[in-house]
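Engineer: got a structure for you, letters missing:
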């Protein structure tokens with residue numbers, strides 16, 4: 001799913017505590033035959049990528065906060081799974097908690113993940129339930145997440161999301177969001193590369209099309225500003241009915257008549273595949289199509305079919321290591337292996353990777369709090385991460401600021417043989433980390449703060 005693009009709902013219409021853990025020795029001595037002790041095996045199992053001892057046993061004794069006992073931590077996972085039937089966030093939660101609990105939990109406390117199925121329209125109902133039961137929200141997201149943010153802030157519930165959608169929630173207080181600051185264009189590096197380096201001729205005629213929904217209209221407006229700032233001239237803008245289109249011929253003919261050379265598509269990749277089939281059928285080839293990373297996966301490849309060899313489909317993963325290259329990246333390979341072990345029928349997707357990374361951030365932060373696990377401690381610990389990579393799943397993200405631009409990006413290309421990295425001149429491993437920082441000038445709304453509900457950080461305990 002594209003970061004801050006059409007969420008699935010709308011597209012379809014642990015370290016030991018640094019302080020306070022003490023006394024446990026993970027090294028062990030081993031038997032005479034060199035076999036590792038149980039403690040050493042658990043320590044190895046609790047490492048993820050370059051993160052050491054993410055989870056592990058301990059001697060927690062207190063019920064230090066809502067949802068926290070000496071034995072367990074209750075956490076909520078938002079998802080529109082009841083509407084979209086897409087279980088990525090639920091799958092990631094299952095895999096992470098199974099793995100972490102097998103390693104001993106967090107300071108000995110076992111993790112319990114409760115799915116808060118918002119079913120697209122029931123965000124507030126689920127948020128009110130979470131406010132009564134959960135210690136924090138981890139690894140989830142909802143298409144209409146603005147409906148719950150006021151209640152979340154009012155009950156001082158920290159959020160470690162995999163996905164953010166609406167501007168009122170994107171970058172709101174008590175949120176640890178690894179997808180970049182809300183006031184900055186996350187795709188500044190991508191647009192710069194498209195329009196100034198890879199396809200400079202396309203800058204004279206760029207098109208925008210998206211589903212006719214409030215969220216998409218904001219996304220399209222931000223995209224237009226970002227494109228124009230990068231030098232694009234917008235030759236075509238349109239919306240299509242959110243429920244889909246039976247005949248894409250009029251749209252394809254309009255794109256052709258306007259001479260569009262580059263197209264940004266914000267919507268369901270099922271609809272995009274239909275549009276591309278028509279464009280290909282009339283023999284109109286664009287320089288590039290931004291399929292957006294909703295399309296990153298095998299389903300779009302199957303639907304697009306022959307169009308893949310004619311059109312040039314691209315997607316910016318915004319600093320998530322490409323899944324098809326998992327064997328080249330220990331953290332991604334480990335994630336794939338964990339899914340195979342704990343959820344063998346589940347597909348590892350881009351949202352699942354972001355969800356798992358959010359769980360890692362929570363676990364690393366929570367484990368540093370030791371027995372005195374509070375919302376204040378876990379939030380402040382996570383906020384200290386100035387180069388968070390999720391153990392190697394992501395390009396570095398600065399979480400020490402609530403609103404900071406992304407500096408790294410990576411671009412994928414869809415081919416008939418599969419997704420593969422585009423030729424975007426990476427300069428830092430799989431990523432290119434020279435993206436310009438572009439701060440939006442338009443008025444698109446703003447994320448909610450604690451002050452908006454009459455509270456402050458001093459109220460967080």
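Structural biologist: Cool, the structure landed. No experiment lies behind these values; they were computed from the predicted model shown. Numbers count the residues shown, from 1 in each chain.
Engineer: Run through who's touching stretch 328-342.
Structural biologist: The contact list for stretch 328-342 (CB atoms under 8 Å, 6 or more residues apart in numbering) reads 48-50, 91, 94-96, 98-99, 321, 323, 325-327, 346, 348, 352-353, 356, 389-393, 430. (C-beta placed from N, C-alpha, C; glycine too.)
Engineer: just the buried members of those residues?
Structural biologist: Buried subset of these (neighbour count, 16 or more other CB atoms under 10 Å): 48-49, 91, 94-96, 98-99, 321, 323, 326, 346, 348, 352-353, 356, 389-393, 430.
Engineer: Just the ones of these in helices?
Structural biologist: In helices, defined here by DSSP state H, the members of the buried ones among the contacts of stretch 328-342 are 91, 94, 95, 96, 98, 99, 352, 353, 356.
Engineer: ok, the residue nearest to the first one when sequence neighbours are not counted - contacts?
Structural biologist: In this structure, residue 91 finds its nearest non-sequential neighbour in residue 346, 4.0 Å apart by CB to CB, 6 or more residues apart in numbering. With contact set as CB under 8 Å, 6+ apart, residue 346 has these partners: 87, 91, 94, 95, 339, 352.
Engineer: For the first one, the count of nearby residues, please.
Structural biologist: It stands for residue 87. Residue 87 has 19 neighbours, counted by other CB atoms under 10 Å.
Engineer: and what of the fifth one?
Structural biologist: With neighbours defined by other CB under 10 Å, the count for residue 339 comes to 21.
Engineer: can you tell me the helix or strand for it?
Structural biologist: helix 330-342 (DSSP states H and E).
Engineer: Please convert the ones in helices among the buried ones among the contacts of stretch 328-342 to JSON lines, extending it with distance to residue 312 and pLDDT.
Structural biologist: Formatted as JSON lines, these follow (distance: CB to CB, whole Å; pLDDT from 0 to 100):
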{"residue": "91", "distance to residue 312": "31", "pLDDT": "98"}
{"residue": "94", "distance to residue 312": "37", "pLDDT": "98"}
{"residue": "95", "distance to residue 312": "34", "pLDDT": "98"}
{"residue": "96", "distance to residue 312": "36", "pLDDT": "98"}
{"residue": "98", "distance to residue 312": "40", "pLDDT": "97"}
{"residue": "99", "distance to residue 312": "39", "pLDDT": "97"}
{"residue": "352", "distance to residue 312": "27", "pLDDT": "97"}
{"residue": "353", "distance to residue 312": "25", "pLDDT": "98"}
{"residue": "356", "distance to residue 312": "31", "pLDDT": "98"}
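Engineer: Downstream of the helix or strand harbouring residue 303, the next helix or strand is which one?
Structural biologist: When elements are assigned from DSSP H and E, residue 303 belongs to helix 298-304. Counting by DSSP H and E, the next helix or strand C-terminal to helix 298-304 is strand 313-316.
Engineer: what does the average pLDDT come to for that next one?
Structural biologist: Over the span of strand 313-316, the pLDDT mean works out to 98.
Engineer: Then residue 74 would be within a helix, right?
Structural biologist: No - Residue 74 sits outside any helix when classified using DSSP: H, G, I helix; E, B strand; the rest coil, being strand.
Engineer: Could you list everything it pairs with in the sheet?
Structural biologist: residue 112 (DSSP bridges).
Engineer: Look at it and say how many residues are nearby.
Structural biologist: Look at residue 74: counted by other CB under 10 Å, it has 18 neighbours.
Engineer: Pretty sure residue 65 is one of the things it touches, is it not?
Structural biologist: No - counting by CB atoms under 8 Å, no contact exists between residue 74 and residue 65, whose distance comes to 10.0 Å.
Engineer: which residues do these two both contact?
Structural biologist: Common neighbours of residue 74 and residue 65 (CB under 8 Å, 6+ apart) are residue 135.
Engineer: neighbours around residue 256, how many?
Structural biologist: Applying other CB under 10 Å, we find 16 residues neighbouring residue 256.
Engineer: Enumerate the positions of the helix or strand containing it that are buried.
Structural biologist: Following DSSP H and E, one finds residue 256 within helix 249-257. Across helix 249-257, burial judged by 16+ other CB under 10 Å covers 251, 252, 255, 256.
Engineer: just for this structure, where's the confidence low?
Structural biologist: 1-45 (pLDDT under 70).
Engineer: Could you rerun that using 90?
Structural biologist: Of all residues in the chain, those with pLDDT under 90 make up the ranges 1-46, 179-180, 213-218, 242-243, 402, 444-445.
Engineer: Would you mind splitting it into its domains for me?
Structural biologist: 8-21+42-183+325-403, 188-317+407-421 (automatic domain parsing).
Engineer: Can you say which of the ones you listed is nearest to residue 455?
Structural biologist: For residue 455, the closest of the domains of the chain is domain 8-21+42-183+325-403, at 6.9 Å, according to CB to CB.
Engineer: between the buried residues of helix 249-257, which is closest to residue 110?
Structural biologist: Among the buried residues of helix 249-257, and counting by CB to CB, the member closest to residue 110 is residue 251, at 51.7 Å.
Engineer: what sits against the closest one?
Structural biologist: When contacts are taken as CB under 8 Å, 6+ apart, residue 251 is in contact with 209, 238, 240, 245, 275, 278.
Engineer: Now the buried members of those.
Structural biologist: Buried among the contacts of residue 251 (16+ other CB under 10 Å): 209, 240, 245, 275, 278.
Engineer: Hmm, residue 246 and the last one touching each other?
Structural biologist: No - counting by CB under 8 Å, residue 278 stays clear of residue 246, with 11.6 Å between them.
Engineer: Make TSV from the buried ones among the contacts of residue 251 and add distance to residue 125 to it.
Structural biologist: Listed next are those as TSV, based on distance: CB to CB, whole Å:
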residue	distance to residue 125
209	33
240	30
245	32
275	36
278	41
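Engineer: Make JSON lines out of those residues and add secondary structure and distance to residue 452.
Structural biologist: What follows is the buried ones among the contacts of residue 251, written out as JSON lines (DSSP: H, G, I helix; E, B strand; the rest coil; distance: CB to CB, whole Å):
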{"residue": "209", "secondary structure": "strand", "distance to residue 452": "34"}
{"residue": "240", "secondary structure": "strand", "distance to residue 452": "34"}
{"residue": "245", "secondary structure": "coil", "distance to residue 452": "38"}
{"residue": "275", "secondary structure": "helix", "distance to residue 452": "40"}
{"residue": "278", "secondary structure": "helix", "distance to residue 452": "46"}
